[in-house]
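> Requesting a structural model of the entry that follows:
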Amino acid sequence: MSRRLPAILVALLLAAPVAAAAGGTRERPGHAHRAKAKPRAHAARPAARSRLERARAQLAAVKRDPQKRKFRHHWERAIRALVAAARGRDAAPALLEAGRARYALYRFSQVESDRDEALRLAARARKAGSREAAAFAAAVRREAGDEEPRPARKRALARAARKPALPA
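Residues are numbered from 1 along each chain as shown. The predicted structure follows:
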């Protein structure tokens, strides 16, 4: 037994934490020492999603869930999130997505103001630099049977052609 006692003592000493040697605090009797949680490495955290990605996810949840699709306030909240995400380089895609969502709402609700707002959002997306916005707006107008608005230059040329020429 005397041979085992030093081996047990050495094992206990090696296994016991030494707070003073590590520069830690002394433990008070009756209080357990709580180790501070170490921050995770940056690579271990999932990448932060942008406002546009979160807004798209919110819209996808509305489209996916039949209960949410029924109620207008779910659509409105998702569309507001898309418009709010329309900043910087995300402006054009966010506004176009909001226009498409507004048009999807129009397809469910058949409220003309939703269709008009979809066209306004498409115009804003076009001004922000979206290449697909003009085609989207044209498709919405074609489906409703509206006449395509002519560009300002074509209108000016058409007016000039109607006026009689002044004699020289």
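> Kindly list the longest helix within this protein.
Longest helix in the chain, counting residues (DSSP state H): helix 91-109.
> Need the contact partners of it.
Under the contact criterion CB atoms under 8 Å, 6 or more residues apart in numbering, helix 91-109 has outside partners 52, 55-56, 59, 63, 69, 72, 75, 78-79, 82-83, 85-87, 111-112, 114-115, 117-122, 124-125, 128-130, 132-133, 136-137, 140. Every C-beta, even on glycine, is put in place using the N, C-alpha and C of the backbone.
> and those residues, which of them are in helices?
The helices, defined by DSSP H, take in 52, 55-56, 59, 63, 69, 72, 75, 78-79, 82-83, 112, 114-115, 117-122, 124-125, 128, 133, 136-137, 140 from the contacts of helix 91-109.
> Of the residues you listed, just the buried ones, PyMOL syntax please.
Of the ones in helices among the contacts of helix 91-109, the buried ones can be selected in PyMOL as follows, counting by 16 or more other CB atoms under 10 Å:
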select buried, resi 52+55+56+59+75+78+79+82+83+114+115+117+118+119+121+122+124+125+128+133+136+137+140
